[in-house]
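My questions concern the predicted model and sequence given below.
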Amino acid sequence: MFVAPAFAQELETEADQNGHTEVGVEHGSTGVFPPFDSSTYPSQLLWLAITFGLFYLFLKKVVLPRIGGILEVRSDRIAQDLDQAARLKEESDAALAAYEQELADAKAKAGAIGQEARDVAKAEADAERKKVEASLESRLSEAEARIALIKDAAMRDVSQIAEETTGLIVQELLGSKTDKAAVSAAVKAVRG
């Protein structure tokens, strides 16, 4: 601190009259920095203990409960979130299982409907085929009956034609008329 020289002299004279000095260094002091002065250690340790104790109480009563509350709220929120995630996972697993079950049921139902449609189509085709076969069978039997009639008629006519043809051939070869009964007997003998 800067003090004017005249003022400083007044202070010194006043200090000498009162017996103590208010400005400057105390008489007998060695000029050591006070925290390093061993004579002040006990008071420094006392104030360190008091300050540390107050700071410890402040932390214990104010700061740590707030931090503990925050941590507890966070852990509760995390636990709730985990529970909700587990519940949602179970719901999604249940929904997936239900979906897969319904899909399997739908596939089975579609297969049953397809099989039923094939069976109905096959039954209809078999019924139609049987109708066609019956119709063809009846036409075939009618055709065979007509063929048999035509064959019988043709065979009767063949005998007559054979007799007439034989008679004409013999007449051409021999040059005379032949007996119809003899030609008829000869044709029947050959046909046998």
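Done, it's in.

give the contact list for Lys188.
Ser159 (C-beta atoms under 8 Å, 6 or more residues apart in numbering). Yep, even glycine has a C-beta here, placed from its N, CA and C like the rest.

so what's it scoring on pLDDT?
On pLDDT, Lys188 comes in at 80.

just Thr40 next, same as before
pLDDT, Thr40: 89.

Over to the closest residue to it other than its chain neighbours: give its phi and psi.
Spatial nearest neighbour of Thr40, excluding adjacent residues (C-beta to C-beta, 6 or more residues apart in numbering): Pro34 at 5.7 Å. Pro34 has phi and psi values of phi -60, psi -40 when expressed as degrees, to the nearest 10.

Toward the C-terminus, what is the element adjacent to the host helix or strand of Ala104?
For Ala104, the host element (DSSP states H and E) is helix 64-174. As assigned by DSSP H and E, the chain's next helix or strand after helix 64-174 is helix 180-191.

just to revisit the earlier point, the helix holding Ala104 - contacts with which helices or strands?
helix 180-191 (3 or more C-beta pairs under 8 Å, 6 or more residues apart in numbering; DSSP states H and E).

Tell me what angle the helix it packs on forms with helix 64-174.
140 degrees (axes from the mean of the first three to the mean of the last three C-alpha atoms, to 10 degrees).

Just the C-alphas of helix 180-191, formatted as CSV.
Output of helix 180-191 as CSV, limited to C-alpha atoms (Å, rounded to 0.1, in the frame of the first residue of the first chain):
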residue,chain,number,x,y,z
LYS,A,180,-80.9,-125.2,-108.5
ALA,A,181,-81.3,-127.9,-105.8
ALA,A,182,-78.0,-129.5,-106.7
VAL,A,183,-76.2,-126.1,-106.7
SER,A,184,-77.8,-125.2,-103.4
ALA,A,185,-76.6,-128.4,-101.8
ALA,A,186,-73.1,-128.1,-103.2
VAL,A,187,-72.8,-124.5,-101.8
LYS,A,188,-74.1,-125.5,-98.3
ALA,A,189,-71.7,-128.4,-98.3
VAL,A,190,-68.7,-126.1,-99.0
ARG,A,191,-69.8,-123.5,-96.4
